[in-house]
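Asker: Have a look at this prediction, sequence included:
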Amino acid sequence: MAVILQIDFSFQGPWGAEMSAALQDLATSIAQEPGLIWKIWTENPATAEAGGIYLFTDQASAATYLAKHRARLLGFGITQVNGKLFEINGPLSAINQAPLAGGQN
């Protein structure tokens, strides 16, 4: 069953186009993670927060990635990394046009 991973953390920028340019290599690396279907990058300059919403094929892949990414962010000097795993209710999500791969239930 597909799993959503939500990660957020304090971040001082860069934002927008500058963030896109600065983090191209990281995005390319994340795209190669086992079990990753997609990631939506999130940023909020007003609250100095960033993160992402990820769709993984399974709980184990999502949990493994969370541990890896948390360690990476801590290595970047980010002191608080919030991560949560959620199972998906496919039928209700489909009603609301969720971008789920393969008609996940």
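Answerer: Now that the structure is in, tell me what you want to look at. Just so you know, these numbers come straight off a predicted model, no measurement behind them.
Asker: Spell out the residue ranges of the helices in the chain.
Answerer: 16-22, 24-31, 59-75, 90-95 (DSSP state H).
Asker: Which of those sits closest to Q6?
Answerer: For those, proximity to Q6 was assessed by Cβ to Cβ; helix 59-75 is nearest, at 9.7 Å. (Each C-beta comes from the backbone N, C-alpha and C, glycine too.)
Asker: List the buried residues of the closest one.
Answerer: Taking 16 or more other Cβ atoms under 10 Å as the basis for neighbour counts, the residues of helix 59-75 that come out buried are 61-63, 65-66, 69-70, 73.
Asker: JSON lines please, covering those residues and showing pLDDT and distance to P34.
Answerer: Converted to JSON lines, these look like this (pLDDT from 0 to 100; distance: Cβ to Cβ, whole Å):
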{"residue": "S61", "pLDDT": "97", "distance to P34": "5"}
{"residue": "A62", "pLDDT": "98", "distance to P34": "10"}
{"residue": "A63", "pLDDT": "97", "distance to P34": "12"}
{"residue": "Y65", "pLDDT": "98", "distance to P34": "8"}
{"residue": "L66", "pLDDT": "98", "distance to P34": "13"}
{"residue": "H69", "pLDDT": "95", "distance to P34": "13"}
{"residue": "R70", "pLDDT": "96", "distance to P34": "17"}
{"residue": "L73", "pLDDT": "94", "distance to P34": "19"}
